[in-house]
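> next input, structure requested:
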Amino acid sequence: MKAFKYLSPTTVEEAIAFHGRHSETAKYIGGGTDVIVKVKEGWMEPDYLISLKKIEEMSELHKNDATGELSIGAMVTHATLEKSFMIRNEYPIIYDAVSNIGSLQVRNVGTIGGNLINAVPSADGAIPLIALDGVALMALTANGPWR
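Numbers count the residues shown, from 1 in each chain. Just a heads-up that it's a prediction; the model follows:
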């Protein structure tokens, strides 16, 4: 496995700035259940991993009572969704999907954002979000969408 530097921004703006400085050799990492495997197996060889774990707003899960809009941050883990009474009671389709993702260990660290961004057919978290007409919000950078 190639050595890399681990960067821990605390804001979206800082994460974007890190990526801007190292765009060709940097990758974002959330829970890491897929990224670390790719790095270990040599499929990905970043010089920098930009962790999103310390960006609080990306771990928020809430429902706007006035509009009924559900907001799930990209860093919300599958376990957080699975343990949420709101999700279980009001969005059982999400609960059913995330409670069947991988093992307990994977659900504890794997994120909904990571599940979506990998865009694999087995992305169980994507199905209920599509069925519920979910919308993904992304930040724009000078180089286009933040990915």
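> secondary structure element holding the closest residue in space to Lys2 that isn't next to it in sequence?
Once flanking residues are discounted, Lys2 sits nearest to Glu45: 4.7 Å by Cβ to Cβ, 6 or more residues apart in numbering. All C-beta spots, glycine's among them, are computed from the backbone N, C-alpha and C. Assigned by DSSP states H and E, Glu45 belongs to no helix or strand.
> and Glu45, how many neighbours does it have?
Using other Cβ atoms under 10 Å, Glu45 has 13 other residues around it.
> do the same with Glu56
Neighbours around Glu56, by other Cβ under 10 Å: 11.
> same check on Tyr6?
Burial of Tyr6 is recorded as 9 neighbouring residues (other Cβ under 10 Å).
> near the residue nearest to it when sequence neighbours are not counted, how many other residues are there?
Nearest residue to Tyr6, sequence neighbours excluded (Cβ to Cβ, 6+ apart): Leu49, at 5.3 Å. Applying other Cβ under 10 Å, we find 19 residues neighbouring Leu49.
> repeat that for Asn115.
Neighbour count for Asn115, taken as other Cβ under 10 Å: 26.
> what are the phi and psi angles of it?
phi -60, psi -40 (degrees, to the nearest 10).
> quick one: it and Asn100 touch, right?
No: with contact defined as Cβ atoms under 8 Å, Asn115 and Asn100 do not form a contacting pair (12.0 Å).
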